[in-house]
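> how would this look folded up:
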Amino acid sequence: TTRLRVGTLVFANDFRHPVMLAKEAATLDVLSNGRLEFGIGTGWMAQDYRAAGLTLDEPRVRLQRLREGLAVLKGAWTGEPFSYKGEHYSVHDLVQEPRPLQQPHPPILIGGGGPVMLRLAAAEADIVNLTMRTRPDGSGPDLEDGGAASFIRKIALLREAAGPRFDRMEIGTSILSVGDSAPSRPGWSHADTSRQGGTPQVLTGTLPEMTDKLRHWRDDHGLSYYVLHNETDLDAFTPIVEKLAGS
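Okay, the predicted model is just below:
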């Protein structure tokens with residue numbers, strides 16, 4: 001293709017050293033002719049850490065490691081000699097090739113739902129994927145964080161923390177279910193729709209009702225970037241895209 005972009009939702013920073021990830025991402029950007037959108041988060045799912053034999057550190061440590069990882073990624077993508085000394089990463093006179101075609105770097109997407117993560121996204125991200133916050137032990141999403149009021153507070157926090165950057169950012173979320181009967185799908189990830197009915201993460205009703213809901217979140221709250229997670233929802237979402245295209 002020549003127009004479709006390539007996205008990741010999201011690399012877990014804890015699973016990959018940022019120097020190696022920067023090189024792999026830059027290569028993807030070159031191979032796709034500058035169409036990579038680079039999504040990254042801390043990593044949080046306890047079962048993934050157990051399976052990989054990794055330690056799930058407390059959220060504070062994972063967030064600090066991600067903050068340092070982003071600095072290393074951005075430095076490596078310049079293609080210029082780069083050094084960095086942090087608590088978690090040290091880089092010495094790195095000159096990395098290839099450089100990504102998109103400069104200064106591919107758009108960075110950060111997904112998250114907790115206040116600290118959202119403030120980090122406000123400072124570093126070009127695209128923000130709003131989620132429910134996760135439990136500190138990595139067992140799943142915190143269902144107390146659900147609902148439209150909480151979702152709107154996250155947008156307000158982003159707006160305040162980003163300041164003038166906010167108008168240059170894309171804000172969005174993952175759509176977990178589409179259609180007349182959106183089933184609850186609790187499980188390994190944020191795909192638990194039980195508390196998200198009032199948010200744009202769950203689209204129910206007729207085609208006009210669903211398109212009106214997305215227009216509301218775009219016009220009133222600035223959301224314009226949506227991610228789908230399975231083929232069934234993609235099929236159901238296609239007529240919504242056709243209806244909204246150009247509007």
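> where's Glu37, which helix or strand?
strand 36-41 (DSSP states H and E).
> name the strands paired with that strand and say parallel or antiparallel.
Take DSSP bridges as the rule and strand 36-41 pairs in its sheet with strand 6-7 (parallel), strand 11-12 (parallel), strand 108-112 (parallel).
> dump the helix ranked longest in the chain to CSV, restricted to CA.
In terms of residue count, the longest helix belonging to the chain (DSSP state H) is helix 59-76. Backbone C-alpha positions of helix 59-76 (Å, rounded to 0.1, in the frame of the first residue of the first chain) are rendered in CSV as follows:
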residue,chain,number,x,y,z
PRO,A,59,4.2,1.2,38.8
ARG,A,60,6.6,4.0,40.0
VAL,A,61,9.6,2.1,38.7
ARG,A,62,8.0,1.1,35.4
LEU,A,63,7.0,4.7,34.8
GLN,A,64,10.5,6.0,35.5
ARG,A,65,11.9,3.3,33.2
LEU,A,66,9.5,4.3,30.4
ARG,A,67,10.4,8.0,30.9
GLU,A,68,14.1,7.1,30.4
GLY,A,69,13.3,4.8,27.6
LEU,A,70,11.6,7.6,25.7
ALA,A,71,14.7,9.8,26.1
VAL,A,72,16.9,7.0,24.7
LEU,A,73,14.5,6.4,21.8
LYS,A,74,14.4,10.0,20.8
GLY,A,75,18.2,10.4,21.1
ALA,A,76,18.8,7.3,19.0
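> tell me what it is packed against?
helix 18-31, strand 36-41, strand 82-85, strand 90-94, helix 115-124 (3 or more CB pairs under 8 Å, 6 or more residues apart in numbering; DSSP states H and E). Using the backbone N, CA and C atoms, a C-beta is placed for each residue, glycine as well.
> returning to that earlier point: can you redo the strands paired with strand 36-41 as CSV with distance to Leu244, mean pLDDT and mean neighbour count?
Shown next, in CSV, are the strands paired with strand 36-41 (distance: least, CB to CB, whole Å; pLDDT from 0 to 100; neighbours: other CB atoms under 10 Å):
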stretch, distance to Leu244, mean pLDDT, mean neighbour count
strand 6-7, 19, 94, 16
strand 11-12, 29, 96, 19
strand 108-112, 21, 95, 23
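> how about JSON lines for the ones you listed, with distance to Thr55 added?
JSON lines is the format used below for the strands paired with strand 36-41 (distance: least, CB to CB, whole Å):
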{"stretch": "strand 6-7", "distance to Thr55": "29"}
{"stretch": "strand 11-12", "distance to Thr55": "13"}
{"stretch": "strand 108-112", "distance to Thr55": "21"}
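> for Tyr89, find the nearest of those.
Of all those, the one in closest proximity to Tyr89, counting by CB to CB, is strand 11-12 (15.2 Å).
> worst-scoring helix or strand of this structure, pLDDT-wise?
strand 177-178 (a mean of 86; mean pLDDT, DSSP states H and E).
> the nearest residue to His221 once chain neighbours are set aside and Asp220: what is the separation?
With CB to CB, 6 or more residues apart in numbering as the criterion, His221 has its nearest non-adjacent residue at 5.3 Å, and that residue is Ile155. Noted for Ile155: a distance of 10 Å to Asp220, by CB to CB, to the nearest Å.
> neighbour count: these two, which is higher?
Using other CB atoms under 10 Å as the criterion, Ile155 and Asp220 rank with Ile155 on top: 20 against 10.
> so what's that one up against?
130, 171, 221-223 (CB atoms under 8 Å, 6 or more residues apart in numbering).
> go again with 7 Å.
Taking CB atoms under 7 Å, 6 or more residues apart in numbering, we find Ile155 in contact with 171, 221-222.
> returning to what we had before: which of the helices and strands packed on helix 59-76 is buried the deepest?
strand 36-41 (a mean of 24; mean count of other CB atoms under 10 Å).
> sounds good, over and out.
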